[in-house]
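Visitor: Kindly generate the corresponding structure for this input.
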Amino acid sequence: MPASASRAAAVCDLNLEGEIMRTSLARLAIASVVLLGLIAHGTSAEASSPRFRSGLSGGQRTKASSSQQVNSKSAPKPSSVARDMFDDAQADYEPSGVVFATDVDTRTGRQPAPTNAQRSLQNVALAQYYPSSDCTIASDCGNCSDSGYCDMNAGGCDLGSCCDSGCCDNGCCDGGCCGSCCPSDCWWNHRTRVWGEFLYLQPGDADVSHAQQQNGIGGAGTVPFGTIGRVDPDFEPGFRVGADIRMSDCSSVFAAYTHYESAAVGFLDPPVIPGGGGAVGSLIHHPGAAITASVGPVLAAYDIDFQLADFGVRRLWKTGCDYAINWSLGGRYAHLEQSFVQTGIYAGGSAGRINTNSNIDFDGGGVRAGLDGEYRFGCRGFSLYGNVNVSPMIGTVQADYTMRNISTDVLLAQSVWKDDRFITTLDYEAGLAWTSKKGKVRLSAGWNAAHWFNAVTTDSFINGVQNNNYVDIDGALSFSGLSSRIEYRF
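Guide: Residues are numbered from 1 along each chain as shown. I've put the predicted structure just below:
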């Protein structure tokens, strides 16, 4: 191309850019005039009210009218034409729509930060244009930014009601909010993560009263005479591990495995009675066996173990700048095992060392539904959390009871029972959590509880065997205690 043609094209480009700039400035000026006219109209309307005129003299009215500040709430809303002009001018001149344009610094190529006066004017304009929003252009996290949480992916600060609907334009919410007020990557976004949890739980409603001190070996005149021997499981450790795989900012799939074992032992000696005669009677022997009492001691052991396998999908439900609620839906497989044994040397027609055993197993599965929520406070990554899950399951209970004379290897009593059963588990947890600035590491500690409704407990089953009645054998089990978790997010 000839040099003259190149110069002509360059001149045309410059003329075109200048024309676009002049057009944009003109449109912005027109919009500004419209807004100023509306503001002045609101001011003059208020100044002409009877209450205003009655309180001021003529000279005072003139002075007050010229100095009165505009009340953004009482000012009239701009018309749709004015709003369209304002939008077009602002979009051409300031595409971000947040900070009105200022002259570009020729040394850095950037726009300098607006002054306080400019911010005030901008906020007044926004109050006229967006009268329902209390989000200011200059809003930030205040002291939160000093901790680094505002500028990190984890968020962590309360940015005001402009973000009540959640993070902007991420598809999680029905509507976005005011652009720069929200972090680009919300702290509650779903992420791929792995985690491990330490459990320290105690079974509840699970103790078994198995023997009692009495004043003789049995028969007429024998009465309780002292302590009731019982085995009651105490706090024992367990664990839970799991992983989530991110499907989107708002959803993920998860899988978890829980393992818990408890063990309790107890023994009971005969009471000390002047002249002798103290003995220990069993409370779990079948009454038809030819067994009386023991001169002691009587020993008992009791184990309760369970395993859970959970899986499902988890999705965001409600969000805000400082809270998030998720729902989850999936499945659960459960295995519950109870094992009890008592041993002692007893007198009677079948005298010898008598071992009495009871074993109860449940295997079943069903739907698992739950909610989990988190509320962040302060600027250091701390939050309160809670979750609740319910799982109605259908499964099978298999139980057996035996009395055996170990000394003579004679089976004294036996009962094998099977029942199809509907068992519901309800578990919940609440506590305190801390999340790192980048949102990669999360630590939490809280209180955990799980209830098994319509389960078959050891004492209820033994009672059914002793009474030869296997109707309405049920009981509620619970597990409660401390939990602490560490998780890593990718």
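Visitor: Kindly provide the distance from the closest residue to Y302 other than its chain neighbours to P271.
Guide: Among residues not flanking Y302 along the chain, V231 sits closest, at 4.2 Å (CB to CB, 6 or more residues apart in numbering). Heads up, the C-betas are built off the backbone N, CA and C, glycines and all. Distance of V231 to P271, given as CB to CB, to the nearest Å: 19 Å.
Visitor: So between these two, which is more surrounded?
Guide: Higher neighbour count among V231 and P271: V231, with 24 against 18, using other CB atoms under 10 Å.
Visitor: Can you check the pLDDT for that one?
Guide: Confidence at V231, expressed as pLDDT, is 97.
Visitor: same thing with T402?
Guide: 98.
Visitor: likewise H210?
Guide: Confidence at H210, expressed as pLDDT, is 97.
Visitor: Wait, it touches H285, no?
Guide: No: using CB atoms under 8 Å, H210 makes no contact with H285, being 9.7 Å away.
Visitor: Compare neighbour counts for those two and give me the winner.
Guide: Each of H210 and H285 has its neighbours counted (other CB under 10 Å); H210 has more, 28 against 23.
Visitor: Packing partners of the host helix or strand of the more buried one?
Guide: Taking DSSP states H and E as the definition, H210 sits inside strand 208-214. When contacts are defined as 3 or more CB pairs under 8 Å, 6 or more residues apart in numbering; DSSP states H and E, strand 208-214 sits against strand 224-231, strand 251-268, strand 279-282, strand 298-319, strand 323-346, helix 458-466.
Visitor: so what strands line up beside the third one?
Guide: Taking DSSP bridges as the criterion, strand 279-282 pairs within the sheet with strand 208-214 (antiparallel), strand 293-294 (antiparallel).
Visitor: repeat for the fourth one
Guide: Pairing partners of strand 298-319, with direction, according to DSSP bridges: strand 251-268 (antiparallel), strand 323-346 (antiparallel).
Visitor: quick one, which of these is packed in tightest?
Guide: strand 323-346 (a mean of 20; mean count of other CB atoms under 10 Å).
Visitor: Give the next helix or strand downstream of it.
Guide: Using DSSP H and E, the helix or strand that directly follows strand 323-346 along the chain is strand 352-376.
Visitor: what angle do the following helix or strand past that next one and helix 458-466 make?
Guide: Going down the chain from strand 352-376, the next helix or strand is strand 382-405, by DSSP H and E. Angle of strand 382-405 versus helix 458-466, following axes from the mean of the first three to the mean of the last three CA atoms, to 10 degrees, is 30 degrees.
Visitor: what's the angle from the helix or strand following strand 382-405 to strand 382-405?
Guide: Counting by DSSP H and E, the next helix or strand C-terminal to strand 382-405 is strand 410-435. Orientation of strand 410-435 against strand 382-405 (the same axes, to 10 degrees) gives an angle of 170 degrees.
Visitor: Just list what strand 410-435 packs against, helices and strands only.
Guide: strand 323-346, strand 352-376, strand 382-405, strand 441-455, helix 458-466.
Visitor: What strands flank it, and is each parallel or antiparallel?
Guide: Strand 410-435 is paired, per DSSP bridges, with strand 382-405 (antiparallel), strand 441-455 (antiparallel).
Visitor: And the contacts of the last one?
Guide: Taking CB atoms under 8 Å, 6 or more residues apart in numbering as the criterion, the residues outside strand 441-455 that touch it are 199, 201, 336, 362, 385, 421-436, 474-489.
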